[in-house]
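Novice: quick one: sequence and predicted model below, then my questions.
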Amino acid sequence: MSDTDVLRERRRRVESEWSGVDFDGPVLIPASLPIPIDGTDQFHEFHAHPEFQYLTGVAEPGAALAWEPDAGWTLFAPSLTVEDLVWMSAPPSAAELAMQTGVSHSVDRSELSGWLESRRGRGMALLGSRDIEQRATEYGVEAWSTLEAIVDEDATDRLGKALAELRRAKDSVELDRMTRAVDAAVAGHLAAQRLARHGLTERALQIEMEAEFFRQGGARTAYGSIVGSGPNSAILHGTPGERVMWDGELVLIDAGAEIEGYASDVTRTFPVSAEFTGMQRDLYNVVLAAQQEAIAGAGPGVEYKSLHLQASATIAQGLVDTGILRGSVEDLVAADAHALFFSHGLGHMLGLSTHDCGGYLEGRVPEDRFGLAYLRADLPLEPGYVVTIEPGVYFVPALLNDPARRERYAEMVDWEIVNGLLDFGGIRIEDDVLITPGGCDVMSEALPKAAAEIEAIRRDALGMSSG
């Protein structure tokens, strides 16, 4: 089946799903517009709205897709003025987009104004980017208010949820793009593990890693790369800077490449020197055990939240074994004591967005609880889902120095040990995992993660013998 055939099949499935929603009005799905950078004549890097890109397979700024039960799909292709073409490349024509997307009724965007005008006063579902409501003229139509467009918010919500459910399971085209993105990420991470050394800055390591992403076909990074050394490795979304890494510290890298809109998301933690030290090794193996157990347990019908709770228990047990926590694992997890050190969720859905749509089953919402508040997925896993599995252990001074938490967990935490680890940083191990009919496949398995494997890479990188 060709890529275009796959796109047509996606739209057929969406039509079938939407036909079960009690709404017979038009649906408009703008791709979104570039966002200007103040003080320049340029724009921030463009990201098409995932709903538009899923349905068309392309990411054209200022394009829009429409659907009606009786008329089917219409693609409005953007065009540029002569003045624009002095500064920018010409976008694909309507005919070219028809070939790429399989939407046979592809027309110039100049027809969007008439399409909207002929539907004046009718209830409309507005998916995709909502920027058309404020920037309608940049889509080549009148100001939104003068169109008297009536957005049916209830229908928009219901159709959007139906689309999100369909997007959870990835098809062959999506998996091909994600596999290539993961492969590029693996190559970049391996390059970083071979290049990191005492005296190098986080920023310098980021540059070398991302260069490898691009050499392997990545169009851009899937998100802002996280490179944290020493204490910075405990900052969950830390931005790499000019901090110099030192022997004896850990480096945590959370980074992924993006290919044709699809993201990868991989994390590894490794020593700046050739080997993990005692506590580093102990805690690294705790995180690794939690991750390996979660991956082994992942498969169709398995509740993702259950995997998170199991990982929480494994981490709690490891923290007891290292003397950091005191008490029974059951009591510690029930009290969320483990969340002082594992404060985020086990992972999330992955696809056209790093945190892809549909992470929560309809009717489920995040719990207002320290140990579950940041869980980004709560649903039974199904074949075709791609999720990340990324447990961690961190020593975050803001959490661990909080007087209220010190009081609450006075008997459950050995605070003397913790006080000596406040500059330890953090450890996270993350893989991209495809759920299959028989269990799961680790898409990023080519990137080593056993402590001994990482140490072998580091010794080789530093020119040291294994003896």
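Specialist: Sure thing, it's come through. Numbering: from 1, shown residues only.
Novice: thought V386 was touching G351?
Specialist: Yes - in this structure, V386 is within contact of G351 by CB atoms under 8 Å, at 6.4 Å. Using the backbone N, CA and C atoms, a C-beta is placed for each residue, glycine as well.
Novice: which strands and helices lie in contact with the helix or strand of the chain with the lowest mean pLDDT?
Specialist: Least confident helix or strand of the chain, by mean pLDDT, DSSP states H and E, is helix 82-87 with a mean of 80. Using 3 or more CB pairs under 8 Å, 6 or more residues apart in numbering; DSSP states H and E as the contact test, no helix or strand touches helix 82-87.
Novice: neighbouring contacts of it?
Specialist: Residues from elsewhere that reach helix 82-87 (CB atoms under 8 Å, 6 or more residues apart in numbering): D41.
Novice: low-scoring stretches of the chain, by residue?
Specialist: Within the chain, the segments meeting pLDDT under 70 span 465-467.
Novice: got the buried residues for the lengthiest helix in it?
Specialist: Secondary structure of the chain per DSSP state H: the longest helix is helix 172-195. Neighbour-count burial for helix 172-195, counted by 16 or more other CB atoms under 10 Å, picks out 173-193.
Novice: list the buried residues of the next helix or strand after that helix.
Specialist: Counting by DSSP states H and E, the next helix or strand C-terminal to helix 172-195 is helix 202-215. Applying a neighbour-count criterion of 16+ other CB under 10 Å, the buried positions in helix 202-215 are 202, 204-206, 209-210, 212-213.
Novice: show me which of these is closest to D152.
Specialist: Checking the buried residues of helix 202-215 against D152 by CB to CB gives F213 as the nearest, at 41.7 Å.
Novice: picking that back up, and the buried residues of helix 202-215, which is closest to S2?
Specialist: F213 (27.7 Å).
Novice: right, and that closest one touches A184 too?
Specialist: Yes - the criterion here is CB under 8 Å, and F213 meets it with A184 at 5.1 Å.
Novice: find the residues that touch each one of the two.
Specialist: Applying CB under 8 Å, 6+ apart, one finds that F213 and A184 are jointly contacted by A257.
Novice: and the nearest residue to E445 once chain neighbours are set aside, what are its phi and psi?
Specialist: Nearest residue to E445, sequence neighbours excluded (CB to CB, 6 or more residues apart in numbering): D431, at 7.1 Å. When read as degrees, to the nearest 10, the backbone of D431 gives phi -130, psi 160.
Novice: what is the burial count for D431?
Specialist: When neighbours are counted by other CB atoms under 10 Å, D431 registers 25.
Novice: any idea what it is bridged to?
Specialist: Note on D431: beta-bridge partners I389, judged by DSSP bridges.
Novice: tell me which residues touch it, please.
Specialist: With CB under 8 Å, 6+ apart, D431 has these contacts: 266, 291, 295, 388-390, 442-445, 447, 449.
Novice: can you redo those as a markdown table with neighbour count and secondary structure?
Specialist: A markdown table is the format used below for the contacts of D431 (neighbours: other CB atoms under 10 Å; DSSP: H, G, I helix; E, B strand; the rest coil):
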| residue | neighbour count | secondary structure |
| --- | --- | --- |
| V266 | 26 | strand |
| Q291 | 26 | helix |
| I295 | 18 | helix |
| T388 | 27 | strand |
| I389 | 26 | strand |
| E390 | 25 | coil |
| V442 | 18 | strand |
| M443 | 22 | coil |
| S444 | 23 | coil |
| E445 | 14 | coil |
| L447 | 23 | coil |
| K449 | 22 | coil |
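Novice: for E453, what are phi and psi?
Specialist: Per degrees, to the nearest 10, the backbone of E453 is at phi -70, psi -40.
Novice: which element is G160 on?
Specialist: Assigned by DSSP H and E, G160 belongs to helix 153-168.
Novice: contacts for that helix, please.
Specialist: Here helix 153-168 has contacts from 10, 13-14, 17-18, 20-21, 23, 25, 27, 50-51, 54, 123, 125-127, 349, 351-352, 356-358, 362, 382, 384-385, using CB under 8 Å, 6+ apart.
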